[in-house]
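sharing a model prediction with you, sequence too.
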2 protein chains.
Amino acid sequence: MTDITIIGSGNMGRGIGTRAVAAGRSVQVLDKSAEEAQKLAGELGSGATGAASTEAPAGRIVVLALPFDAAKEVVSGYGDALDGRIIIDISNPVNYETFDSLVVGPGTSAAEEIAKLAPSGATVVKAFNTTFAGTLVAGEVAGEPLDVFIASDSEDARNEVADFVTAAGLRPLQVGGLHHARELEGFQLLLMALQANPAYESFNWGTALKILG
Amino acid sequence: MTDITIIGSGNMGRGIGTRAVAAGRSVQVLDKSAEEAQKLAGELGSGATGAASTEAPAGRIVVLALPFDAAKEVVSGYGDALDGRIIIDISNPVNYETFDSLVVGPGTSAAEEIAKLAPSGATVVKAFNTTFAGTLVAGEVAGEPLDVFIASDSEDARNEVADFVTAAGLRPLQVGGLHHARELEGFQLLLMALQANPAYESFNWGTALKILG
């Protein structure tokens, strides 16, 4: 079985794909456009393959490198083809017009909404929602490995994603059950707003959220 | 008028007091125990004074260096004595038995609850809730100045607190209205849980949450 399927060939697909290849994992890229998927697979190298997302995901870990709405559509669309998989939701349900609120209500999160749509034999993990795409390609910021916050109701799934993160040269930080995606997504709203705020123009989507110590 | 009144002579009072003195501000410490207040004032030096919290706060900025419940009591107790002041709420309404949930419901925050109790002429600012006490005394972690996230509905108050933070050698990051205390408090729940988690024992309450870039 392929190690990791990345659905979406945008900036976040490129970032996570780069780290997956660096970790020595086999990678499949799926995209609505087979051409875009193959193009990113070619960039990633190391035997990565690309195909249209009409194909079934081959990975043990399936990364939804997609915005929240597209991620929901994809999970619903695949249905039982995702059974038995670890699904990584990286999305941030931010109101991108105002950068001042989330589009999910309090008491839930994008990850929990996506989990409701996944087959019962799949496990949803929140991860990579606080790491910007460019920093994932570089793998570090200011000489420090990126922190990757991981939430899931399955400890086994958290550990499996943490192993991937470590192999990719990053630092996994396990924060507990999937409901903690609420706090991860909430804080990322603030980080995104700071990137978009002209008063902090040096940030420019190139920063990393880090626990220094 | 004294620049800054710190209510509470515990670890956070010591941390913020240390930074206030470093910023060249005049400091008043108030505590239920006049003796404890005077002891901390003596440690801080630079003319800091200490008194029992039966005295009125003399500072233009009043820092509630107290847990959430005590902060609410103090604000209610002072009533109009806080009129015209900037009140800094640093509290984290965390369930300290489980480190897995907050004691305020979704859709509010400790800061917003405290604001409901403050006189209408006072302005509540959320700040310093993500900076641990020991790191405030040191003023930096791993050679990096601490980030201080600031939320308030008053831009003037945010700017005034940001000026204090800058003078104290730290980096202010303004995240918008007071409702963003929700995200600041929510994320701090995760950071505290990581400090308390034996799997991350090197953290040990000595870390700093930082936007690196």
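Done, it's in.

longest single helix anywhere in chain A?
helix A:181-196 (DSSP state H).

for that helix, C-alpha coordinates in PDB please.
Output of helix A:181-196 as PDB, limited to C-alpha atoms (Å, rounded to 0.1, in the frame of the first residue of the first chain):
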ATOM      1  CA  ALA A 181      -9.200  20.900  16.800                       C
ATOM      2  CA  ARG A 182     -11.400  23.800  18.100                       C
ATOM      3  CA  GLU A 183      -8.500  25.500  19.800                       C
ATOM      4  CA  LEU A 184      -6.100  24.700  17.000                       C
ATOM      5  CA  GLU A 185      -8.400  26.200  14.400                       C
ATOM      6  CA  GLY A 186      -9.300  29.100  16.700                       C
ATOM      7  CA  PHE A 187      -5.800  30.200  17.300                       C
ATOM      8  CA  GLN A 188      -4.900  29.800  13.600                       C
ATOM      9  CA  LEU A 189      -7.600  32.400  12.900                       C
ATOM     10  CA  LEU A 190      -5.500  34.900  14.900                       C
ATOM     11  CA  LEU A 191      -2.300  33.800  13.200                       C
ATOM     12  CA  MET A 192      -3.800  34.200   9.800                       C
ATOM     13  CA  ALA A 193      -5.200  37.600  10.700                       C
ATOM     14  CA  LEU A 194      -1.700  38.700  11.800                       C
ATOM     15  CA  GLN A 195      -0.200  37.600   8.500                       C
ATOM     16  CA  ALA A 196      -2.900  39.500   6.600                       C
END
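
what about that helix, near chain B?
Yes - residues of helix A:181-196 are located near chain B by C-beta under 8 Å from any C-beta of the partner chain, namely A:182-184, A:186-187, A:189-191, A:193-194. (Each C-beta comes from the backbone N, C-alpha and C, glycine too.)

can you list these in a markdown table and add neighbour count, distance to residue B:105 and pLDDT?
Formatted as a markdown table, these follow (neighbours: other C-beta atoms under 10 Å in any protein chain shown; distance: C-beta to C-beta, whole Å; pLDDT from 0 to 100):
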| residue | neighbour count | distance to residue B:105 | pLDDT |
| --- | --- | --- | --- |
| A:182 | 27 | 12 | 97 |
| A:183 | 25 | 14 | 98 |
| A:184 | 25 | 19 | 98 |
| A:186 | 24 | 14 | 98 |
| A:187 | 28 | 18 | 98 |
| A:189 | 22 | 19 | 98 |
| A:190 | 23 | 20 | 98 |
| A:191 | 23 | 24 | 98 |
| A:193 | 20 | 23 | 97 |
| A:194 | 19 | 26 | 97 |
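
ok, back up a step: relative to helix B:181-196, how tilted is the longest helix of chain A?
Angle between the axes of helix A:181-196 and helix B:181-196 is 120 degrees (criterion: axes from the mean of the first three to the mean of the last three C-alpha atoms, to 10 degrees).

convert the C-alpha atoms of the helix or strand just after helix A:181-196 to PDB, please.
Counting by DSSP states H and E, the element after helix A:181-196 in chain order, helix or strand, is strand A:208-212. C-alpha atoms of strand A:208-212 as PDB (Å, rounded to 0.1, in the frame of the first residue of the first chain):
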ATOM      1  CA  ALA A 208       6.000  29.400  12.200                       C
ATOM      2  CA  LEU A 209       4.000  28.900  15.400                       C
ATOM      3  CA  LYS A 210       6.500  27.400  17.800                       C
ATOM      4  CA  ILE A 211       6.800  26.400  21.500                       C
ATOM      5  CA  LEU A 212      10.300  27.600  22.300                       C
END
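
what is strand A:208-212 packed up against?
strand A:140-141, strand A:144-145, strand A:147-151, strand B:208-212 (3 or more C-beta pairs under 8 Å, 6 or more residues apart in numbering or on different chains; DSSP states H and E).

how about 7 Å then?
Applying 3 or more C-beta pairs under 7 Å, 6 or more residues apart in numbering or on different chains; DSSP states H and E, one finds that strand A:208-212 makes contact with strand A:147-151, strand B:208-212.

tell me the contacts of the residue nearest the centre of chain A?
Nearest to the geometric centre of chain A sits residue A:90, at 3.1 Å (C-alpha atoms, centre = their mean). Taking C-beta atoms under 7 Å, 6 or more residues apart in numbering or on different chains as the contact definition, residue A:90 lies against A:12, A:63-65, A:127-129.

which members of the residues of helix A:181-196 next to chain B are the farthest-apart pair?
A:182 and A:194 (19.5 Å; C-beta to C-beta).

still on that earlier bit, touching the longest helix of chain A from outside, list them.
A:92-94, A:99-100, A:102, A:109-112, A:126, A:129-130, A:149, A:151, A:200, A:203-205, A:207, A:209, B:173, B:175-176, B:180, B:182-183, B:186-187, B:189-190, B:211.

need the buried ones from those residues selected in ChimeraX.
A single ChimeraX command selects the buried members of those (16 or more other C-beta atoms under 10 Å in any protein chain shown):
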select /A:92,93,94,99,102,109,110,111,112,126,129,130,149,151,200,203,207,209 /B:173,175,176,180,182,183,186,187,189,190,211
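
for residue B:26, find the nearest of the helices and strands packed on strand A:208-212.
When the helices and strands packed on strand A:208-212 are ranked by proximity to residue B:26 (C-beta to C-beta), strand B:208-212 comes first, at 27.0 Å.

how far off strand A:208-212 does that closest one point, in degrees?
Going by the same axes, to 10 degrees, strand B:208-212 makes 150 degrees with strand A:208-212.

and the average pLDDT for strand B:208-212 is what?
Averaging pLDDT along strand B:208-212 gives 97.

what parts of chain A come near chain B?
In this structure, chain A approaches chain B at residues A:100, A:106-107, A:141-142, A:144, A:173, A:175-176, A:180, A:182-183, A:186-187, A:189-191, A:193-194, A:202-203, A:206-213, judged by C-beta under 7 Å from any C-beta of the partner chain.

wait, doesn't residue A:25 sit right on residue A:4?
Yes - in terms of C-beta atoms under 7 Å, residue A:25 counts as a neighbour of residue A:4; the distance is 5.0 Å.

more crowded one of the two?
Set side by side, residue A:25 and residue A:4 show more neighbours around residue A:4, with 26 against 20, by other C-beta atoms under 10 Å in any protein chain shown.

doesn't residue A:20 make contact with the more buried one?
Yes - using C-beta under 7 Å, residue A:4 makes contact with residue A:20 at a distance of 4.8 Å.
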